[in-house]
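Asker: Compute the structure for the input listed below.
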Amino acid sequence: MASGNSTSKRGFASMDIERQREIASKGGRSVPAEKRSFSQDRELASSAGRKGGQSTGTGRGE
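Answerer: Next comes the predicted model:
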């Protein structure tokens with residue numbers, strides 16, 4: 001293990017909070033509204049979640 005101060009000057013967590021928020025907010029704006037189908041259609045999101053749950057549960061208990 002390294003000796004001395006273990007606080008790194010690198011990485012997302014070491015940035016000041018305003019810089020973190022600036023970077024994180026870009027993720028939400030990177031996709032146009034018409035492409036965000038789950039935010040527009042609650043039923044579509046619900047069915048996709050159900051479908052994903054069914055596929056991960058297959059093959060268990062055999």
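
Asker: what's the average pLDDT for whichever strand or helix holds Glu18?
Answerer: Following DSSP states H and E, the helix or strand that holds Glu18 is helix 17-29. In this model, helix 17-29 carries a mean pLDDT of 85.

Asker: Show which residues not belonging to it make contact with it.
Answerer: In this structure, residues lying in contact with helix 17-29 by CB atoms under 8 Å, 6 or more residues apart in numbering are Phe12, Met15. (Glycine included, C-beta is placed from N, CA and C.)

Asker: Any buried residues in it, and which?
Answerer: By neighbour count, and taking 16 or more other CB atoms under 10 Å as the criterion, helix 17-29 has no buried residues at all.

Asker: Convert that helix to PDB, retaining C-alpha atoms only.
Answerer: These are the backbone C-alpha positions of helix 17-29, laid out as PDB (Å, rounded to 0.1, in the frame of the first residue of the first chain):
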ATOM      1  CA  ILE A  17     -19.700  19.200  -6.500                       C
ATOM      2  CA  GLU A  18     -20.600  21.800  -9.200                       C
ATOM      3  CA  ARG A  19     -18.300  20.100 -11.700                       C
ATOM      4  CA  GLN A  20     -19.900  16.800 -10.900                       C
ATOM      5  CA  ARG A  21     -23.300  18.200 -11.500                       C
ATOM      6  CA  GLU A  22     -22.300  19.800 -14.800                       C
ATOM      7  CA  ILE A  23     -21.000  16.500 -16.100                       C
ATOM      8  CA  ALA A  24     -23.900  14.400 -14.800                       C
ATOM      9  CA  SER A  25     -26.500  16.700 -16.300                       C
ATOM     10  CA  LYS A  26     -25.100  16.100 -19.700                       C
ATOM     11  CA  GLY A  27     -26.200  12.500 -19.600                       C
ATOM     12  CA  GLY A  28     -29.800  13.500 -19.400                       C
ATOM     13  CA  ARG A  29     -29.600  16.000 -22.200                       C
END
